[in-house]
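[1] need a structure here:
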Amino acid sequence: MKNLTYIFLAVLISVSSLSCSSNDTDLGLGGGNSLSVKIDGTKFESLGATTSAVVTSGVLSIQGGKSNGETLRITLMNYTGKGTYKTGDHISNTNGINYITLTPIATWTSTFDIGSGTVTITKDTGSELEGTFSFVGVNGSATKNFTEGKFSIDY
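    Numbers count the residues shown, from 1 in each chain. Just a heads-up that it's a prediction; the model follows:
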């Protein structure tokens, strides 16, 4: 049931974030927006057209996906700008990072006291966002290591 909740939240964030993308001319060939990470050593790189960020009511949402439905989403609650934010370190910490696959349908998560991770925002000009991240994602008893994550997004 927990995974279903995460998938619903991820889809909701996805729809709202895509509609707020400021890079409408990007045809998915990379464009100016990028999000990448190594997943257990294998590189994931999102399409530019699916990579976006939005700040609403103090919540930063970052996402990027591939044409096969693989999606990575970062949600930082109480976002205040540049700095380092933790995920998965305490039951009251609602920051989260989710990696979702469609084949098979699965979600690897770091949020509340599940998994562990950090997101570091190195640049936020109000229209440009850059940073790095890494996390251990949990799916039941399985884990995946996400390393060397980085993003650069016009928003």
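
[2] Tell me where the model's unsure across the chain.
    Per-residue confidence for the chain (pLDDT under 70) gives these ranges: 1-31.

[3] Geometrically speaking, which residue is the centre of it?
    R73 (2.3 Å; C-alpha atoms, centre = their mean).

[4] Check the contact between that residue and Q63; I expect there is one.
    Yes - under the criterion of C-beta atoms under 8 Å, R73 makes contact with Q63 at 4.5 Å. All C-beta atoms are positioned from the backbone trio N, CA, C, and that covers glycine.

[5] Figure out the helix or strand that N98 lives in.
    Element membership for N98 (DSSP states H and E) is strand 96-102.

[6] can you give me how far stretch 120-129 is from the chain middle?
    What separates the centre of stretch 120-129 from the centre of its chain is 15 Å, taken as C-alpha atoms, centre = their mean, to the nearest Å.

[7] Numbering from 44 from now on, please.
    Shifting the count to begin at 44 puts that one at stretch 163-172.

[8] So which elements touch the strand holding N141?
    Applying 3 or more C-beta pairs under 8 Å, 6 or more residues apart in numbering; DSSP states H and E, one finds that strand 139-145 makes contact with helix 45-62, strand 114-119, strand 148-154, strand 171-182, strand 185-197.

[9] mind listing what's buried in it?
    By neighbour count, with 16 or more other C-beta atoms under 10 Å as the criterion, the buried positions of strand 139-145 are 139-144.

[10] Make TSV out of those and add distance to T175.
    Rendered in TSV, the data for these read as follows (distance: C-beta to C-beta, whole Å):
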residue	distance to T175
G139	17
I140	12
N141	17
Y142	16
I143	21
T144	23
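
[11] coming back round to it: looking at the sheet around the residue nearest to the centre of the chain, what are its partners?
    Beta-bridge partners of R116, counted by DSSP bridges, are Q106, N141.

[12] Kindly report the same for T154.
    Assessed by DSSP bridges, T154 has beta-bridge partners G139, I157.

[13] And S195, by the same measure?
    Here S195 shows beta-bridge partners S77, E173, assigned using DSSP bridges.

[14] quick one: contacts for it?
    When contacts are counted by C-beta atoms under 8 Å, 6 or more residues apart in numbering, S195 touches 75-77, 171-173.
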